[in-house]
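Participant: Got a sequence here, can you model it:
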Amino acid sequence: MRSREYDLDFREKATRTRAWGIGLLAVAGLLWVWCAVLLVTPYSVDEEPGDDYPVECESRLFTDRGTANEGLQRSDHCQNERDWPEALAVLGLSVPVSVVGVALFTSGSLSCRMSAHSEAMRELDRIADARKA
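Facilitator: Now for the predicted structure:
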């Protein structure tokens, strides 16, 4: 394989790696949005299955009530439905996805830039050699 073909193949692989990084960062961003939705939006809870009048609940972030454990003792359906562990699990899942996404994006971008720099240096050397001859 000639060096130009190898370089184009290398850049294609680096572009794919960068695209995977962007994809994983997009997934991490969606996880952050999901966590924000869980914490900020109000929600409703059925007291019984098929309830015609569900209970309206405040968002978890802006409520002044206790946690789900206190809700179990007082049979508060709002506090039983949505609590911090679910939101923190989503947030925790986004961390490794973000780290891998950043690593792949950085690696792919750096590989593309170094390949372009190497090609530019070879072209400059070729021009310099042609002037000497």
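Participant: In contact with F10, which residues are there?
Facilitator: Going by C-beta atoms under 8 Å, 6 or more residues apart in numbering, F10 touches S111, S115. From N, CA and C alone the C-beta is placed, and that goes for glycine too.
Participant: My read is that P42 contacts R60, right?
Facilitator: No: look at P42 against R60 with C-beta atoms under 8 Å: they stay out of range, at 9.4 Å.
Participant: In terms of neighbours, single out the busier of the two.
Facilitator: Remark: of P42 and R60, R60 carries more neighbours, 23 against 12, as counted by other C-beta atoms under 10 Å.
Participant: Was I right to think the more buried one contacts L38?
Facilitator: Yes: applying C-beta under 8 Å, one finds R60 in contact with L38, separated by 6.9 Å.
Participant: Which strand or helix spans S44?
Facilitator: Assigned by DSSP states H and E, S44 falls within strand 43-45.
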